[in-house]
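J.: Quick one, structure for this:
(one chain, ligands or ions: 1)
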Amino acid sequence: MRAASEAGEPSQGGEALVLWHVDGPVARITLNRPDKYNALNLPLLQELSRALDRAEADDGVGAVVLAGAGRAFCAGADIAEMAGLSGLAEAERWVAARAEHFQRLARFPKPVVAALHGFALGGGLELALQADLRVAGESAQLGQPEVLLGLLPGAGGTQRLARLLGPARALEWLWSGQRMTARQALELGLVQRVVPDGEVLAQAHELAARIARQAPLAVRFIKRCVWEGLEMPLAQGLALERQAFAQLLATRDGQEGVRAFLERRQPQFQGR
Ligand code: COA
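T.: The predicted structure is shown next:
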């Protein structure tokens, strides 16, 4: 078992905006602007993308937990950064720069579990929605409050909430800007587990570690089929799945899995 704990590269000569910690097969990536409820400014998002690059390149990392330091997971886009933008061209550049980092997470090939405590608001919820699974503390509050600022969620909120909840329920939450409790989020299917507040990280780690112990290639191919398939017509999604199945069957791990079954022994997967 590997264990390492360290901060990422400090940008701007200050403290690291993203922390990196490895425990066994799980890398924990922590948003680290606790005095601002981890509000997402561009330097933080850049560090997040770098941490994801590192987690992707490290063969020992089978899954990622995405967490927030301090009192909350994340209170959204940095409103102070937004206030400094003037004019459409500047706003478009800022939106595009931010989107690049959100897409980095959306395209990340290994499983990601978001550990939500305190607030997961605005861009914080949008970030969590780009993770694969979400574990929330029982007093966590989730929401898209952008409408209260005269804005809308610009990093996937309208699209992902509508796909997850259906359009009418998504519109109700998006139009009200109200926060939902962890229990409401569970009932809506936005989070998969609600756990005592003090156990969020441990439970998110446990869930991520359990997935990371499965055959690595199968886990990644399943993720790809589910997310890419959702963007396709069914027939195309089924073709993607068949192709992935054939590819897996031809891998060493696919062969090992079926042989181990026939030989009545535990398979030894190697991720190739
Ligand atoms: N962007 C920038 N700074 C933020 C922030 C955000 N999204 N959310 C919180 N902060 C900062 C506050 O400005 C404050 O900074 P200061 O101490 O230097 O003044 C600090 O974090 C603490 O926030 P505060 O509002 O005093 O804490 P609170 O406990 O009373 O309320 C929230 C917490 C999360 C309910 C409240 O901060 C909030 O509504 N944040 C904005 C959420 C939002 O609209 N997100 C979508 C943005 S598009």
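J.: Only the buried residues of stretch 228-241, if you could.
T.: For stretch 228-241, the neighbour count (16 or more other CB atoms under 10 Å) marks 229, 237, 240-241 as buried. For the C-beta atoms, the positions are set from N, CA and C on the backbone; glycine is no exception.
J.: Remind me which helix or strand Ala136 belongs to.
T.: Using DSSP states H and E, Ala136 sits within strand 133-137.
J.: let me fix that: Ile29
T.: Counting by DSSP H and E, Ile29 is found in strand 26-31.
J.: could you give me the average pLDDT of that strand?
T.: For strand 26-31, mean pLDDT rounds to 98.
J.: repeat for stretch 138-153
T.: Computed over stretch 138-153, the mean pLDDT rounds to 98.
J.: got the end-to-end distance for it?
T.: 24 Å (CA to CA, to the nearest Å).
J.: ok, back up a step: would a markdown table of the buried residues of stretch 228-241 with secondary structure be doable?
T.: Below are those laid out as a markdown table (DSSP: H, G, I helix; E, B strand; the rest coil):
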| residue | secondary structure |
| --- | --- |
| Gly229 | helix |
| Gly237 | helix |
| Leu240 | helix |
| Glu241 | helix |
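J.: ok, so of these, who is nearest Lys110?
T.: Gly229 (17.9 Å; CB to CB).
J.: Now that closest one. Nearest residue, chain neighbours left out?
T.: Gly237 (3.5 Å; CB to CB, 6 or more residues apart in numbering).
J.: likewise Ala185?
T.: Val191 (4.6 Å).
J.: Local confidence estimate at that neighbour?
T.: 98.
J.: Please apply the same query to Ala7.
T.: What the model reports for Ala7 is a pLDDT of 54.
J.: again with Asp58
T.: For Asp58, pLDDT reads 97.
J.: Check Glu15 too.
T.: 83.
J.: correct me, but it touches Asn32?
T.: Yes. Counting by CB atoms under 8 Å, Glu15 does reach Asn32; the two are 6.9 Å apart.
J.: And the two? Which one has more around it.
T.: Asn32 (19 against 13; other CB atoms under 10 Å).
J.: quick one: the more buried one from the ligand, how far?
T.: Counting by CB to the nearest ligand atom, to the nearest Å, the separation of Asn32 from the ligand is 14 Å.
J.: The ligand versus the residue lying closest to that residue once chain neighbours are set aside, what's the distance?
T.: Take Asn32 and drop its neighbours on the chain: the residue closest to it by CB to CB, 6+ apart is Ala69, 4.5 Å away. Applying CB to the nearest ligand atom, the value for Ala69 to the ligand is 13 Å.
J.: How many residues are close by Ala69?
T.: 18.
J.: Please list all residues in contact with it.
T.: Listed by CB atoms under 8 Å, 6 or more residues apart in numbering, the contact partners of Ala69 are 19, 30-34, 38.
J.: In these, which residue is surrounded by the most others?
T.: Result: Asn38 is most packed of the contacts of Ala69 (other CB under 10 Å), 30 neighbours.
J.: Show the contacting residues for that residue.
T.: So Asn38 contacts 31-32, 44, 68-70, 72-75, 124 (CB under 8 Å, 6+ apart).
J.: Just want to check the distance between the residue nearest to Gly229 and the ligand.
T.: From Gly237 to the ligand the distance is 33 Å (CB to the nearest ligand atom).
J.: There's contact between that residue and Trp227 in this structure, I believe.
T.: No. Under the criterion of CB under 8 Å, Gly237 is not in contact with Trp227, lying 10.5 Å apart.
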